[in-house]
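Enquirer: Quick one, what's the 3D model for this:
(chains A and B)
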Amino acid sequence: MKAIKELYQYREMLKNLVRKDLRTRYKGSFLGFLWTFINPLLQLLVYTVIFTTIMRLDIDNYSMFLFVALLPWNFFSTSLMIGTGSIVNNKELIKKIYFPREIIPISVVTSGFVNLILSFVIVFIALFISGIGITPAIVCLPVVLVVIYVMTLGFTLLFSALNVYFRDLEHILEIGTMAWFYLTPIVYKLDMIPARFLKLFFMNPMTPIIQAFRDILYYGIVPDFTVLGINHLAAGMLLVVFGHLVFQRLQKNFAEEI
Amino acid sequence: MELINASDVWKSFRIYHDKGSTLKERVLFRSRNRYEERWVLKGVNLHVEQGESVGLLGENGSGKSTLLKLLTRIIYPNRGTIDVQGKVSSLLELGAGFHPDLTGRENIYMNASIFGLSKQEIDRKLSEIIAFSELAPFIDTPVRTYSSGMYMRLAFSVAINVNADILLIDEILAVGDVNFQKKCFDRLKDLKKRGTTIVIVSHDLSSIQKICDRAVWLEDGSIQATGGTTRVIDQYMQFMNRKQEATLKEEQAREQEQHRGKSAEETEGDADREKPESDPNCWGGKEVEITSVRMRNADGEQKYSFEYGEPVCIEIGYIRHREMEGYVFGIGISNSDGVPCYGTNTSIDGRKIKVLDSRGKVSFHIDRITLVEGKYELDAASHAEDGRAYDYRKNIYEFAVTSSVKDTGIARQEHQWIIK
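Expert: Next up is the predicted model:
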């Protein structure tokens, strides 16, 4: 409780770190902040070209099918990767001055999250152009966004603290997220998974989250909230609490270990 | 009210000989994970009341900066508890979180927010911070275009203007030019007056004297003395003098050892005792050889460090190898920059020496040594009345003068100030 109060006191720092990250990420490049939009746009272009001309799959509008799942995944994996190294990479700050250390991984996840939300502008435009359009199911989107944010935050808090003591984690995670990517129904449909493995796939917390994004945006239907809303939000929250506890225990030696 | 309450604080650092931080290294080379546990603080108690200013003194490596870091919560103690209440601003490392691409103004927001200020609080403080830094014309240009002095000024201005309850400072007054330093100093006094609690680590004892109500002297991780600033500084100074004395003695002994070794060789090889070619600090025909040079205090003890105003006696031992027409003994003192500070001889002072025992001692008595604080070298010589050297020993003795008064120059002029 005290930790939350302190985090609230340092909210301005969080805000500034997020703003700094968004502003300086593309600093020096000609198009600057526009890259936030151009990047997903170009990704979409590449997928469209590949999956409509070379690798033709039996899925309608495959590039959109992929795109709506890929963006949230990218948010998750990049936040996790950058966040895991974030404590070590910010050693200058951590060695110099006191502040609640959680601010750093939180800011990484948050700035990635802001980026995700901004890139949804491109998603919506693409949905209209491709003729899929938007259905009332869109109102569920904020809930799914909250779930993915909480889940990502939980993992990132945990890994960022562990990485200080165990630097291999960064490299393990690099290959780990790749495997995780293919074990989540992003490039393929959920019903392509053999039935006997389906249960296993749902133990992957990202499966229902990614599926929910696809349900809302691609299929235009309301996702199954019994799994997602209740189980995952609760699991995500628990993960954040657990991650934070571990973080709290480990953070005392950060300044000496990095 | 007690704002800082540190009781029985122990802190150790692990000094790894060869640290492996990857799994492979940790598992495969278990033996490499050997480390040494170095205790930097050994059961320190520090209690600071609201509005008090405390100075931490101690040699390098005595643990004072570690203690300060513990108070900021950058690191945590192994044992003991530290309870700090109120908002802490630390001037340990200035400019935390400055980003070179952001403007001065943006960096103020960034930096101040790291101290835990909200947007409104920073808005209120902004103009004061800019005014204090004297960087108004440059405040909207990126910080990477700043000179290092400007950078530090901006950083200092933020740190000192965040309205902290507790200010922790490590070697502050190295920021900016003389005027800015003065301004910082005045600001500190002002904050102190307004009830800010201050803890300072500094080697500059005079600034501690000026700001602090109380001083704590740390030695090798434990508190050696605590109490009124002047008293503790005195104790600390005395301790440091004794220590300097010991090192100078050691140096002298080593030099003499070397010298003895050399001259022993020479006497063996060269019975005529000609001046050693290799020693540029020693020349002359050795008709009257200087055998020893010592400096003694009032009690006749040989010393290498003297308090300002103390009586000093320079004692020159000699052996006369040949009878000459006249004899002159002289001394010369120069400071560590090689600037001659004082020199005289028996001839200048009107003491004619026509006859000299075959061996004996010449002493030069100084009633009160009036050299300013510093390190000095002593020359001693015996020579003929026409100035030709019998034996000239340059820099034969090294000594130090310590003083609580920080006047400058070479020697103090007896003086008083009269203001009408």
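Enquirer: what residues does the stretch 51-200 of chain A put near chain B?
Expert: Within the stretch 51-200 of chain A, the positions adjacent to chain B are A:92-99, A:165-168 by Cβ under 8 Å from any Cβ of the partner chain. The C-beta positions use only the backbone N, C-alpha and C, and glycine is treated the same way.
Enquirer: helix or strand for B:Ser7, which one?
Expert: Per DSSP states H and E, B:Ser7 falls inside strand B:2-16.
Enquirer: after the lowest-mean-pLDDT helix or strand in chain A, next one along is what?
Expert: Least confident helix or strand of chain A, by mean pLDDT, DSSP states H and E, is helix A:225 with a mean of 70. As assigned by DSSP H and E, the chain's next helix or strand after helix A:225 is helix A:233-250.
Enquirer: what kind of secondary structure is B:Ala253 in?
Expert: helix (DSSP: H, G, I helix; E, B strand; the rest coil).
Enquirer: sorry, that was for B:Tyr318
Expert: strand.
Enquirer: and B:Pro314, what does it touch?
Expert: One correction, residue B:314 is Ile, not Pro. Residues in contact with B:Ile314 (Cβ atoms under 8 Å, 6 or more residues apart in numbering or on different chains) are B:293-295, B:331, B:363-364, B:366, B:378, B:380, B:397.
Enquirer: so it sits in a strand?
Expert: Yes - counting by three-state DSSP, B:Ile314 falls inside a strand.
Enquirer: Specify the beta-bridge partners of it.
Expert: Counting by DSSP bridges, B:Ile314 forms beta bridges with B:Met295, B:Phe364.
Enquirer: distance of it from chain A?
Expert: Distance from B:Ile314 to chain A, counting by Cβ to the nearest Cβ, to the nearest Å: 52 Å.
Enquirer: sec struct for residue 65, please.
Expert: I'll assume chain A. Per three-state DSSP, A:Phe65 ends up helix.
Enquirer: that's the other chain; I wanted chain B
Expert: helix.
Enquirer: Quick one: residues contacting it.
Expert: B:92, B:170, B:201.
Enquirer: who's in contact with B:Lys361?
Expert: So B:Lys361 contacts B:315-318 (Cβ under 8 Å, 6+ apart).
Enquirer: can you pull out the helices in chain B?
Expert: Along chain B, the stretches classed as helices by DSSP state H are B:23-28, B:64-72, B:104-114, B:119-133, B:148-160, B:178-193, B:205-211, B:229-269.
Enquirer: per-residue confidence at the closest residue to B:Phe399 other than its chain neighbours?
Expert: Sequence neighbours aside, B:Tyr304 is the residue nearest to B:Phe399 in space, at 5.1 Å (criterion: Cβ to Cβ, 6 or more residues apart in numbering or on different chains). At B:Tyr304 the predicted local confidence, pLDDT, stands at 88.
Enquirer: tally of neighbours for residue 71?
Expert: No chain in the question, so chain A it is. 21 (other Cβ atoms under 10 Å in any protein chain shown).
Enquirer: my question was about chain B
Expert: The burial count for B:Leu71: 23, using other Cβ under 10 Å.
Enquirer: isn't it right next to B:Leu168, touching?
Expert: Yes - if you go by Cβ atoms under 8 Å, B:Leu71 and B:Leu168 touch, sitting 5.8 Å apart.
Enquirer: what touches both of the two?
Expert: Joint contacts of B:Leu71 and B:Leu168 (Cβ under 8 Å, 6+ apart) are B:88, B:199.
Enquirer: Let's have the helices of chain B in CSV, adding distance to B:Tyr308 and mean pLDDT.
Expert: Formatted as CSV, the helices of chain B follow (distance: least, Cβ to Cβ, whole Å; pLDDT from 0 to 100):
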stretch, distance to B:Tyr308, mean pLDDT
helix B:23-28, 57, 64
helix B:64-72, 27, 89
helix B:104-114, 45, 89
helix B:119-133, 39, 91
helix B:148-160, 35, 86
helix B:178-193, 26, 85
helix B:205-211, 15, 82
helix B:229-269, 11, 75
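Enquirer: And those helices: which comes nearest A:Gly32?
Expert: helix B:104-114 (15.8 Å; Cβ to Cβ).
Enquirer: got the angle between the closest one and helix B:148-160?
Expert: On the basis of axes from the mean of the first three to the mean of the last three Cα atoms, to 10 degrees, helix B:104-114 is oriented at 40 degrees to helix B:148-160.
Enquirer: what sits up against helix B:104-114?
Expert: Contacts for helix B:104-114 (Cβ under 8 Å, 6+ apart): A:10, A:12-13, A:15-16, A:20, A:93, A:97, A:99, B:95-99, B:102, B:119, B:121-122, B:125-126, B:129-130, B:133, B:135, B:138-141, B:143, B:146, B:154-155, B:158-159, B:162.
Enquirer: same deal with stretch A:216-227?
Expert: By Cβ under 8 Å, 6+ apart, stretch A:216-227 touches A:61, A:64-65, A:68-69, A:123, A:127, A:132-135, A:137-138, A:140-141, A:143-144, A:202, A:208, A:211-212, A:215.
Enquirer: Then stretch A:35-49?
Expert: By Cβ under 8 Å, 6+ apart, stretch A:35-49 touches A:22, A:25-26, A:29, A:31, A:62-63, A:66-67, A:70-71, A:115, A:118-119, A:121-123, A:126.
Enquirer: Tell me who's in contact with A:Leu71.
Expert: A:40, A:116, A:119-120, A:123, A:213.
Enquirer: Which one among those sits at the bottom for pLDDT?
Expert: Per-residue pLDDT puts A:Pro40 lowest of the contacts of A:Leu71, at 80.
Enquirer: what are the phi and psi angles of that residue?
Expert: phi -60, psi -30 (degrees, to the nearest 10).
Enquirer: can you check A:Asp58 too?
Expert: phi -90, psi 50.
Enquirer: Ok, B:Gly350 next?
Expert: Dihedral angles (degrees, to the nearest 10) for B:Gly350: phi 80, psi 20.
Enquirer: One more: the one 4 residues further on?
Expert: For B:Lys354, the backbone dihedrals are phi -100, psi -30 (criterion: degrees, to the nearest 10).
Enquirer: Just confirm B:Lys189 contacts B:Ile198, I think it does.
Expert: No - look at B:Lys189 against B:Ile198 with Cβ under 8 Å: they stay out of range, at 9.8 Å.
Enquirer: anything in contact with each of these two?
Expert: B:Ile211.
Enquirer: And those two? Which one has more around it.
Expert: B:Ile198 (22 against 14).
Enquirer: show me what contacts the more buried one?
Expert: B:52-54, B:166-169, B:188, B:191-192, B:211-212.
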